[in-house]
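Peer 1: coords please:
(2 chains)
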Amino acid sequence: MDFLNPVINGFAVVLEPTNLLYCLIGVVIGMLIGVLPGLGPAATIAILLPLTYNVEPVTAIIMLAGIFYGAQYGGTITSVLLRLPGEASSVVTVFDGYQMAKQGKAGTALGLASIGSFVGGTASIIGLTFLAPVVASFALDFGPPEYTALAMLGILLVATISSGSKAKALVAAALGLLLATVGRDIFTGESRFTFGSLDLADGIDFVPIAMGIFGLGEILYNLEERHRAAKAPSKVANVWPSRKDLKQASGAIGRGSVLGFFLGILPGGGATIASMASYAMEKKRAKQPERFGKGAPEGVAGPETANNAAATSSFIPLLTLGIPANATMALMFGALLIQGVTPGPQLVEQDPELFWGVVNSMYIGNILLLIMSLPLVGIFVKILRVRAAILAPVTALITLMGAYTINNSMFEVSLVVVFGIVGYLMKKFGFEPGPLVLAFVLGELLESSMRRSLLVFGGDPMGFFGRPISATLIVVFVLVAVLPGVRAMLATRKASAAAEPAPAKIKEKV
Amino acid sequence: MIPVKETPAAGAGRKPTELPAGLPTRLPEELPADLPDDLTPEQLAAQWEEEKPPAAGPLANAASSLAVLGVGIGALVLSVAMGLGTPSAPQPGLWPFIISCVMVALGLFQLIAGRHNRDAEKFTRMSTAPLTGLVTLAAMVALMPLIGFELPALVLCIIWMRFLGGETWRSTLLISTIVVAAFYGIFVLALGTSIPHLF
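Peer 2: Numbers count the residues shown, from 1 in each chain, chains lettered A, B, ... in the order given. Sure, this is the predicted structure:
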């Protein structure tokens, strides 16, 4: 079993005290921000990026990953107790979770959600362990043309699957690609868009962009609607679900694991979509669908399992192809690049300690989270009483001072504030910030592989179709790009054929 | 800049308790006691939709599209100036040129087709809060190199907690002092960073 050796060595990495400690810090922070509405995992990871400068790459990623999947656990608590989803991925949990809480079964709902999350997360890690090396070895043959197509497809999918207007998401992505070109041209060494500034000569760092657009932008946006903390119930009793509840939910947990795992791998997929898909599937499968929305345990267990499974499996494209599947993974990508590690198919071979260390840390993290969300859930419920009015200035100060420590210069701090304004205005005007950050991260890879492939093809763009994988990816890219337009055109034609003026509301976001 | 259009009608017609709760990820002031609890998921989703901040009008949509167009055209001009070259021998400007073309196209599309989109939010009286926040942040960035971080941070905390957050004076002063002291302890004493500090 040579194959399993690096996996076992990975456990040795995880069990180093430093890594265990950072794993614990990560999941606790994740759980906290999951409980506190407002800042999401992406914003938190962005704000905490400077923390990772002085630690080992594997330790840094273990902590950031912990924040990400920890938030999936924490988001459930407010969904169930207050009917307020802490995270977007817990929105559907509200429907049945809050009803269960009203029936006095809040503990059961939380318990089922944690057990489901644990099972989904663990199943997904096992899937990751077996699937990731296969994908990576397949991708080892990828050349610049494949990477060009893959990066383009990844950006397009993330932009089009986002919840808001697709055109606006694409604008954000284009802006990200433009920002990535600031600085020295890698091929000719000429300066681009630097406007004579020496600070910009080396390009814009990823960290100030992420901290500004995700972190400060989100903080400013939340200032607009400041609310006092909601009344949290004083205590939650009986978090251990009965055998009957578990039996009823076990099917949903199993299906949620599988569904979440596969949806998490797809670019643009991820925890939010997985939880919604799982809820829809459970409702469709149920013998009495009318129970849903009235406190059906499957309606809590399924989505919560799926969002955790998806959060875990979305590491596969990042760690094996070097293509982040969503905005949070783009932050992980950036964090790895800061550490001098380029995620990609060679990672499993060249840096097995990092790869398996991160993957295996998720087992530990999930166990820690299960402990925190079953016996210790009461502590986290109390945290709901911390007022947003106090949290906001603290997070803003952490952001500014953290930004200073990146390079010990005020230039980064100013950049963070500038991008904070950009992020706030983008949110205000309905431009999603996620595609911008993702495109920024992939910008350099996309440009350099496109130019390299064009050199190989002698300047002929049709060369992309001469290689099977890049050809397939480009065809998919074109389909994804064109299909919504064609659909809209068909819809308007149908509407006009029926002599009904298409209502302007059709263009509203879905 | 983006036109800030105040609509007094929308602002005045709402009592504080009826303020839009915004996206479901944010806490409302307090769970209203009279909230009907037996909402189906569809009704709940509809309610969230209703509670969203008011949507901005066509003017804001046009302004954002024009801003996109402006950035796109600016980048277009600059990248042409850098030289395009040919696909087989590209100059530095070719790639930014391609992106700016896409951006201009999207901006035009958005200008024409996105006029009636409702995904932009109106600037309301509440928007003065982020503006105030922004001013304090900018002031802090300007003052930090001159007088250290402590005093600007303290002022920022006080403004955010007392005036933006509506905390009482007592808790504001107490917590602000503790926060700044904690930051001093972490960034100056424990981590020994070179953050400009007064004391």
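
Peer 1: distance from the centroid: which residue in chain B tops it?
Peer 2: Distance from the C-alpha centroid of chain B peaks at residue B:88, with 42.2 Å (C-alpha atoms, centre = their mean).

Peer 1: quick one: residue A:238 from residue B:67, how far?
Peer 2: Separation of residue A:238 from residue B:67 (C-beta to C-beta, to the nearest Å): 54 Å. (Glycine included, C-beta is placed from N, CA and C.)

Peer 1: before we move on, which element is the residue lying closest to residue A:66 once chain neighbours are set aside in?
Peer 2: The shortest distance from residue A:66 to any non-neighbouring residue, by C-beta to C-beta, 6 or more residues apart in numbering or on different chains, is to residue A:26 (2.4 Å). Taking DSSP states H and E as the criterion, residue A:26 maps to helix A:17-35.

Peer 1: in the next helix or strand after that helix, what's buried?
Peer 2: The element immediately downstream of helix A:17-35 (helix or strand, assigned by DSSP H and E) is helix A:41-48. Along helix A:41-48, these residues count as buried under the neighbour rule (16 or more other C-beta atoms under 10 Å in any protein chain shown): A:41-48.

Peer 1: same deal with stretch A:29-39?
Peer 2: Applying a neighbour-count criterion of 16+ other C-beta under 10 Å, the buried positions in stretch A:29-39 are A:29-39.

Peer 1: that older thread, may I have the secondary structure class of the closest residue to the residue farthest from the centre of chain B other than its chain neighbours?
Peer 2: With C-beta to C-beta, 6+ apart as the criterion, residue B:88 has its nearest non-adjacent residue at 2.7 Å, and that residue is residue A:459. Three-state secondary structure (criterion: DSSP: H, G, I helix; E, B strand; the rest coil) places residue A:459 in coil.

Peer 1: count of residues packed around residue A:459?
Peer 2: 14 (other C-beta atoms under 10 Å in any protein chain shown).

Peer 1: list the contacts for it?
Peer 2: Neighbouring residues of residue A:459 by C-beta atoms under 8 Å, 6 or more residues apart in numbering or on different chains: B:86-89.

Peer 1: out of those, which comes closest to chain A?
Peer 2: For the contacts of residue A:459, the residue nearest chain A by C-beta to the nearest C-beta is residue B:88; the value is 2.7 Å.

Peer 1: residues contacting that closest one?
Peer 2: Going by C-beta under 8 Å, 6+ apart, residue B:88 touches A:454-455, A:458-460.

Peer 1: in which helix or strand would I find the one residue sitting closest to the centre of chain B?
Peer 2: Most central residue of chain B, judged by C-alpha distance to the mean C-alpha position with C-alpha atoms, centre = their mean, is residue B:130 at 6.8 Å. When secondary structure is defined by DSSP H and E, residue B:130 falls within helix B:128-147.

Peer 1: and the contacts of that helix?
Peer 2: Contacts for helix B:128-147 (C-beta under 8 Å, 6+ apart): A:216, A:219-221, A:223-224, A:226, A:392, A:396, A:400, A:404, A:410, A:413-414, A:417, A:420-421, A:424, B:149, B:151-153, B:155-156, B:159-160, B:163-164, B:195-196, B:198.
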